[in-house]
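A.B. asks: Here you go, sequence then predicted model.
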Amino acid sequence: MNPVEEVKNRLDIVEIISGYISLSQAGANWRARCPFHNEKTPSFMVSKEKQIWHCFGCDKGGDIITFVQEYEGITFGEALRILAEKAGVVLENQRFEKKVDYNPFYQLNKLAADFYQAKLSNSDEASIKTGKYLLNRGLTEASIKKWQLGLSGSAWDELYLYLRDQGFSDEHIFQAGLIVKKKSGLGYVDRFRQRLMFPIADAQSRVVGFTSRTLAHIIFAEDDFGGKYINSPQTAIYDKSRILYGWHLAKESIRQKKYLIIVEGNMDAIMAHQAGTNNTIAVSGTALTIEQLRLIKRYANNVILAFDGDAAGSRAAFRSFALGWQEDMNLKILVLSGGDDPADMVKTDKERWLQAVKDSVPVMDYYFKRIVAGVDLNRSDHKKLAVGKLLPIIKFLKSRVEQAHYLQNLSDKLQIPLNILQGDLEQAKSFIDKPAVNNIETPRTERERKEALLLLSEKLLALAFFKPLYLEKIISDLAPEFLDEELQGLYRKVIIYYTKQHNLDNFADAGDLLLTEKNDYIRLVMLGEMEYGDYSEKDLQGDFFSHTKRLKLRKYEAERDLLIAQLRQAELSGDQDRQNSAMHQINLLNKDINKLSS
């Protein structure tokens, strides 16, 4: 038994998922509101018998490992390691493990965080001054401890020597991003010196890197030529495009409140948490990546971005808005006025910050108001400029309802006929090009036929997965070509696996399954549990014969229609042999169709 199977055998999916969300029993299964999208009626189902889960609202599903992977926003290997610890399974030299052993990097960053934190707690002058500086900024002792803030000292190599004493090699310390090579190329010095240290943690609260702020001329008299902020470099465990500062402390609040607040600075995030808005995280600058947005989307679809006026109009901010809109997220903007940042607002007047959060407005409304406010309605060039700025943004919106709403508002505000704006919108270029979309649409009747065939195929497979007796029947009675083409690949692999194993107990873990096929299999197993769980044997048999008959009829009728078309072509060309062959095949199919229809 491999470690993946061992972990899954030792743990119960209901117990593990119950540790994350509240489940209630529904017959043989368990039900909950889905943690991966917002819903009022529970559509998230867990099968204790099959040890799988599926949400019929957002169509996500999987096993115990994929649940932890989705919920925590981590890789398969990381989820397996978490569950292996719970199961008491030792993982050694597994295929999913990369060649790099990540443990030393996690250990090094934790030791560094502890080292810096201890340094801040010292009784020397620099440590005492730094502590007072943080308190003067409005941080409480509890926040300093909670966020593990620390101090890097004046010595050039104190962390390096400390980590060496702990038994770590130069190579590992360097690869962890904690030291840099000397200019001479011989030896190393600490990357961070005389700086306020902000540990950066991943979703499992493991320290993976640092942001540091200079304390030159605040605590230390010496000049610092490294810049106000220095961050850890990209490492084996720190990917800047995926990490969000404070995520590990904010994610549960985000899930509960159904929205999050994004600020620009580490101190802003900490002070926002102090104010009670503990669903706040920070990004470096104003640019969000698609990976970060997809992580956020697993927890909430509503985002408030707290930017100052200049940052809100930056290209980086626009890229973030565009990516958010592409992911169908609801974006609001909280504009900071008067030069204050969130940390200043919370320090001087916490209620002002909380009110600002309440007063946040949809991003499009903010830009609309900001651009239209500067228009002189008596000047055509002002109107042209405003239209030129707004139409590319309106064009980017995915919802036609939203487009119509803002076009109407623009028409009313600028006193321009709506049909003129609609014409200009068609010609306008989106402010960030959308991915190309295939505009060729299947005729409605054909699309309906296709959807009906897929639905029928799904129902039959769901029944067969629920009751293996019927799986044996369809394997002997129906070739894959009778099912919708989307499920033919899965069905072929089911036939091969069942013929060899005489069960589907471990089919979901079959190595040759595509991800889409695995997801379809899990979804259909759960569908079978829901649809047929309370059916009598007679009802199951009735559905089975009804579904197989309808699938055969569809297949035969489609083949007959094709042959009729071929017969007409043969008649037009005068090809008698083709006519005779087509007629013969049509007659055979008519017999099969009549037999099924009687």
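C.D. replies: Looks like it came in fine.

A.B. asks: CA atoms for contacts and neighbours, from now on please.
C.D. replies: Will do.

A.B. asks: Report the central residue of the protein.
C.D. replies: Residue closest to the average C-alpha location in the chain (Cα atoms, centre = their mean): residue 294, at 3.1 Å.

A.B. asks: In three-state terms, label that one for me.
C.D. replies: helix (DSSP: H, G, I helix; E, B strand; the rest coil).

A.B. asks: In contact with it, which residues are there?
C.D. replies: By Cα atoms under 8 Å, 6 or more residues apart in numbering, the residues touching residue 294 are residue 327.

A.B. asks: Kindly export stretch 530-542 (C-alpha atoms) in PDB.
C.D. replies: The C-alpha trace of stretch 530-542 is given here as PDB (Å, rounded to 0.1, in the frame of the first residue of the first chain):
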ATOM      1  CA  MET A 530     -28.300  11.700  -4.000                       C
ATOM      2  CA  GLU A 531     -30.500  10.600  -6.800                       C
ATOM      3  CA  TYR A 532     -30.900   6.900  -6.100                       C
ATOM      4  CA  GLY A 533     -30.200   6.600  -2.400                       C
ATOM      5  CA  ASP A 534     -33.900   6.100  -1.500                       C
ATOM      6  CA  TYR A 535     -35.000   4.200  -4.700                       C
ATOM      7  CA  SER A 536     -36.400   0.700  -4.500                       C
ATOM      8  CA  GLU A 537     -34.900  -2.000  -6.600                       C
ATOM      9  CA  LYS A 538     -37.900  -1.900  -8.900                       C
ATOM     10  CA  ASP A 539     -37.400   1.900  -9.400                       C
ATOM     11  CA  LEU A 540     -33.700   1.400 -10.000                       C
ATOM     12  CA  GLN A 541     -34.400  -1.200 -12.600                       C
ATOM     13  CA  GLY A 542     -37.000   1.000 -14.300                       C
END
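
A.B. asks: avg pLDDT for that stretch?
C.D. replies: In this model, stretch 530-542 has a mean pLDDT of 83.

A.B. asks: Name the residues of it that are buried.
C.D. replies: Using 16 or more other Cα atoms under 10 Å as the test for burial, stretch 530-542 gives 530, 532-533, 540.

A.B. asks: Out of those, list just those in helices.
C.D. replies: Among the buried residues of stretch 530-542, DSSP state H puts 530, 532, 540 in helices.

A.B. asks: Quick check, the last one in contact with residue 534.
C.D. replies: No. The pair residue 540 and residue 534 fails to qualify as a contact (Cα atoms under 8 Å) at a distance of 9.7 Å.

A.B. asks: Got the phi and psi for the closest residue to residue 252 other than its chain neighbours?
C.D. replies: Spatially, and ignoring its direct neighbours in sequence, residue 252 is nearest to residue 279 (7.9 Å; Cα to Cα, 6 or more residues apart in numbering). In terms of degrees, to the nearest 10, the main-chain angles of residue 279 are phi -100, psi 30.

A.B. asks: Go ahead and confirm residue 279 touches residue 254.
C.D. replies: Yes. Residue 279 is within contact range of residue 254, at 4.9 Å (criterion: Cα under 8 Å).

A.B. asks: how about the buried residues of stretch 530-542, which pair is most distant?
C.D. replies: 530 and 540 (13.1 Å; Cα to Cα).

A.B. asks: Worst mean pLDDT across the helices and strands of the chain, which element?
C.D. replies: Using mean pLDDT, DSSP states H and E, helix 309-312 stands out as the lowest-scoring helix or strand of the chain, at a mean of 56.

A.B. asks: Skip ahead from that one and say which helix or strand is next.
C.D. replies: Heading C-terminal from helix 309-312, the first helix or strand you meet, by DSSP states H and E, is helix 315-326.

A.B. asks: Can I get the helix or strand that that next one is followed by as PDB, trimmed to CA atoms?
C.D. replies: For helix 315-326, the following helix or strand on the C-terminal side (DSSP H and E) is strand 330-336. What follows is strand 330-336, C-alpha atoms only, in PDB (Å, rounded to 0.1, in the frame of the first residue of the first chain):
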ATOM      1  CA  ASN A 330     -17.100  42.000  -6.800                       C
ATOM      2  CA  LEU A 331     -14.500  44.700  -6.300                       C
ATOM      3  CA  LYS A 332     -15.000  47.800  -4.200                       C
ATOM      4  CA  ILE A 333     -12.500  50.600  -3.500                       C
ATOM      5  CA  LEU A 334     -11.900  52.400  -0.200                       C
ATOM      6  CA  VAL A 335     -10.100  55.600  -1.100                       C
ATOM      7  CA  LEU A 336      -7.900  57.000   1.600                       C
END
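
A.B. asks: packing partners for strand 330-336?
C.D. replies: strand 302-308, helix 309-312, helix 315-326, strand 361-362, helix 363-372 (3 or more Cα pairs under 8 Å, 6 or more residues apart in numbering; DSSP states H and E).

A.B. asks: For the stretch 51-200 of the chain, which segments count as helices?
C.D. replies: Using DSSP state H, counting those that start in this stretch, the helices of the stretch 51-200 of the chain run over 64-72, 76-87, 103-120, 125-136, 141-146, 158-165, 170-175.

A.B. asks: Report all helices and strands that the second one contacts.
C.D. replies: Here helix 76-87 is seen to pack against helix 3-10, helix 64-72 when contacts are counted using 3+ Cα pairs under 8 Å, 6+ apart.

A.B. asks: Give me the residues contacting it.
C.D. replies: 4, 7, 10-11, 65-66, 68-69, 90-91, 96-97.

A.B. asks: For it, buried residues please.
C.D. replies: For helix 76-87, by 16+ other Cα under 10 Å, it's 76-81, 83-84, 87.

A.B. asks: And the fifth one, by the same measure?
C.D. replies: If you call a residue buried by 16+ other Cα under 10 Å, then helix 141-146 has these buried ones: 143-144.

A.B. asks: now do the last one
C.D. replies: Going by neighbour count (16+ other Cα under 10 Å), the buried part of helix 170-175 is 170, 172-175.

A.B. asks: Type out the ChimeraX command that picks the buried ones from the contacts of helix 76-87.
C.D. replies: The ChimeraX command for the buried members of the contacts of helix 76-87 (criterion: 16+ other Cα under 10 Å) is given here:
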select :4,7,11,65,66,68,69
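
A.B. asks: Out of the contacts of helix 76-87, flag the one nearest to residue 453.
C.D. replies: residue 66 (29.5 Å).

A.B. asks: what's the spacing between the nearest residue to the closest one once chain neighbours are set aside and residue 293?
C.D. replies: Leaving out its chain neighbours, the residue that sits closest to residue 66 by Cα to Cα, 6+ apart is residue 76, at 7.0 Å. Using Cα to Cα, to the nearest Å, one gets 19 Å for the distance from residue 76 to residue 293.
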